[in-house]
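Chemist: pasted the sequence and its predicted model underneath.
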Amino acid sequence: MSRLCVVCGGSKGIGRAVSRLLAEKGFRVTVLSRNQDAARATVTSLKGGRYRAYLKGLCSPGIAQRLQEVQKTFENIQNTCGNISYLVNAAGINKDSLLLRARPEDMVSVLHTNLLGSMLTSRAALRSMLRARGGAIVNIGSVVGLKGNSGQCVYSASKAGLEGFTRSLAKEVASRNVRVNLLAPGFIRTDMTAGLSEEEGARSIPLGRLGEPEEVAQAVLFLLLSPYVTGQVLAVDGGLQLAM
């Protein structure tokens, strides 16, 4: 039986591209999303994988409630699909603003989704992954988390936190043959960059264009399948961080 991969935030953008690529490669894919219609549409579009499942969850605002919801979701995956081998944490939001203008509720929402969410899903998935052989987690960060950017203090903090979390978790689970890596995209053509013109973005990118979600997905696949890579940060940004 092919290995099972859970893609959090797998219904759109980078997560959807990852889900599609993994299915094409023959993996069993479980898509997690807060948007039922988007998740169902993504699952319907998957090709190649012998088994795909849709599960809705990860939407409770309170930490205790969200922890319970995440644990229940992954228990359901374990019971219905078997052991999890791979986890991709691709769920993310941005509510950009200068720090002095940022609303506290927006700050909490970004930190909960981008950082706490990945911590909770990783914690829940590991209970299953430790039963499998050679598991891997890929967290989706951002070059903004590595370099910072004006008007993105909260978003940058959430993604920078993912780097510390990734490296620390990689140390914790290496002895159990579970690898944890961080992928840091630059300007990728998704909903998050919808307000950025191609010309404007290209000026700041050495390769001269925005990236495609499918290009990020290829890098995710590399990190999932590379047996001797852990605790690393891979930038997929067209050289953007060189210019930041």
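Modeler: That came through, no problem.

Chemist: dead centre of this protein: give me the residue that sits there.
Modeler: By CA atoms, centre = their mean, the chain has its centre lying nearest to A90, at 1.9 Å.

Chemist: residues in contact with that one?
Modeler: 7-10, 13-15, 18, 140 (CB atoms under 8 Å, 6 or more residues apart in numbering). The way it works is simple: take the backbone N, C-alpha and C, and place the C-beta from them, glycine included.

Chemist: sort out which residues of the helix or strand that contains E215 are buried, please.
Modeler: E215 is part of helix 213-225, with elements assigned from DSSP states H and E. By 16 or more other CB atoms under 10 Å, the buried positions in helix 213-225 come out as 213, 215-217, 219-221, 223-224.

Chemist: so which of those residues comes closest to A124?
Modeler: A124 lies nearest to L224 out of those, by CB to CB, at 18.2 Å.

Chemist: quick one, what contacts that closest one?
Modeler: By CB under 8 Å, 6+ apart, the residues touching L224 are 5, 86, 88, 136, 138.

Chemist: what is the neighbour count of the closest residue to G92 other than its chain neighbours?
Modeler: Distances taken as CB to CB, 6 or more residues apart in numbering place N114 nearest to G92, at 5.0 Å, with adjacent residues excluded. By the measure other CB atoms under 10 Å, the count of residues near N114 is 26.

Chemist: kindly report the same for V233.
Modeler: Counted with other CB under 10 Å, V233 comes out at 17.

Chemist: and the gap between it and A219?
Modeler: Here V233 is placed at a distance of 11 Å from A219 (CB to CB, to the nearest Å).

Chemist: same check on R20?
Modeler: R20 is 15 Å from A219, by CB to CB.

Chemist: and V31, that's in a helix?
Modeler: No: under DSSP: H, G, I helix; E, B strand; the rest coil, V31 sits outside any helix and is assigned strand.

Chemist: who does it bridge with?
Modeler: Beta bridges link V31 to V7, Y54, judged by DSSP bridges.

Chemist: look at it and report its pLDDT.
Modeler: On the pLDDT scale, V31 is placed at 91.

Chemist: hey, which helix or strand in this protein has the poorest pLDDT?
Modeler: strand 52-56 (a mean of 52; mean pLDDT, DSSP states H and E).
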